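Enquirer: this one's structure only:
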């Protein structure tokens, strides 16, 4: 079952850390968002493989936007 990770706030995608197809463990940083000069890591919520990365560095995400899918 796929686990979707969504943005919790409006933010800029500052850095993409993980790569599609890479194994991830719960707590691994996938993406770092920037909002109001604060860096907010987006963490894997389960173990698995990063099946999809829906953002690129420089993108702006809105609350609820898909960031990644772990399969």
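Expert: Now that the structure is in, tell me what you want to look at. This one's a predicted model, so the numbers in the text were calculated from it and none came from an experiment.
Enquirer: Pull up the gap between residue 27 and residue 44, please.
Expert: Going from residue 27 to residue 44 by C-beta to C-beta, to the nearest Å gives 7 Å. In short, each C-beta sits where N, CA and C put it, glycine included.
Enquirer: Other residues contacting stretch 45-55?
Expert: In this structure, residues lying in contact with stretch 45-55 by C-beta atoms under 8 Å, 6 or more residues apart in numbering are 2-3, 5, 13, 16, 18-26, 30-31, 44, 61, 65-71.
Enquirer: How many residues are close by the nearest residue to residue 28 once chain neighbours are set aside?
Expert: Nearest residue to residue 28, sequence neighbours excluded (C-beta to C-beta, 6 or more residues apart in numbering): residue 44, at 4.5 Å. Neighbour count of residue 44, defined by other C-beta atoms under 10 Å: 20.
Enquirer: doesn't residue 22 make contact with residue 44?
Expert: No - Residue 44 lies out of contact with residue 22 (C-beta atoms under 8 Å); the separation is 10.4 Å.
Enquirer: Among the contacts of stretch 45-55, name the ones in strands.
Expert: Among those, DSSP state E puts 3, 5, 13, 16, 23-24, 30-31, 61, 66-70 in strands.
Enquirer: which residues does residue 33 contact?
Expert: 7, 9, 11, 12, 13, 14, 39, 40, 41, 42, 61.
Enquirer: now the helix or strand hosting it: mean pLDDT?
Expert: Using DSSP states H and E, residue 33 falls within strand 29-35. Taken as a whole, strand 29-35 has a mean pLDDT of 98.
Enquirer: what angle separates it from strand 66-70?
Expert: Interaxial angle, strand 29-35 versus strand 66-70 (axes from the mean of the first three to the mean of the last three C-alpha atoms, to 10 degrees): 170 degrees.
Enquirer: Now strand 29-35: buried residues?
Expert: With burial defined by 16 or more other C-beta atoms under 10 Å, the residues of strand 29-35 counted as buried are 30, 31, 32, 33.
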